[in-house]
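Q: can't give you the sequence, but here's the structure:
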């Protein structure tokens, strides 16, 4: 996923204007059995997006550029939360979160994260 943060005047600002915008471009998920259909559920504060289901082939599910999500955060205490769901087995394959305060404002971040509760990983970055 690609992520860009925008800096706010203060860390305590909580008003009607967003203090940060985050763009997310999911790219791949690895670690589940071939044939498993995987969907990513992505949340920031009250905003929720879901990717389409992608089948694991050769150990990897890949999303193309059609999944480009933009989130607005109204507090720097916000976090990006991601869950990988098995649409085939109806279970959570793993989850991770990223605190907005850990990001450097105005820079692209390319990250690969291990999901909690599994040896699986997902990645995101500029396309």
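A: In hand now; what should we look at? Source: prediction; values computed, not measured.
Q: Would you map the strands across this protein?
A: 3-4, 20-24, 26-30, 37-44, 47-50, 54-55, 60-62, 69-73, 79-86, 91-99, 108-109, 111-114, 121-124 (DSSP state E).
Q: can you redo these as TSV with mean pLDDT and mean neighbour count?
A: Glycine gets a C-beta too; all of them are placed from N, C-alpha and C. Converted to TSV, the strands of the chain look like this (pLDDT from 0 to 100; neighbours: other CB atoms under 10 Å):
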stretch	mean pLDDT	mean neighbour count
strand 3-4	41	20
strand 20-24	80	20
strand 26-30	81	21
strand 37-44	90	20
strand 47-50	90	14
strand 54-55	90	18
strand 60-62	86	19
strand 69-73	85	18
strand 79-86	89	19
strand 91-99	85	16
strand 108-109	74	14
strand 111-114	68	14
strand 121-124	54	21
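Q: If residue 50 is in a bridge, with which residues?
A: Beta-bridge pairing of residue 50 under DSSP bridges involves residue 41.
Q: Now for residue 52, how many residues are close by?
A: Using other CB atoms under 10 Å, residue 52 has 12 neighbouring residues.
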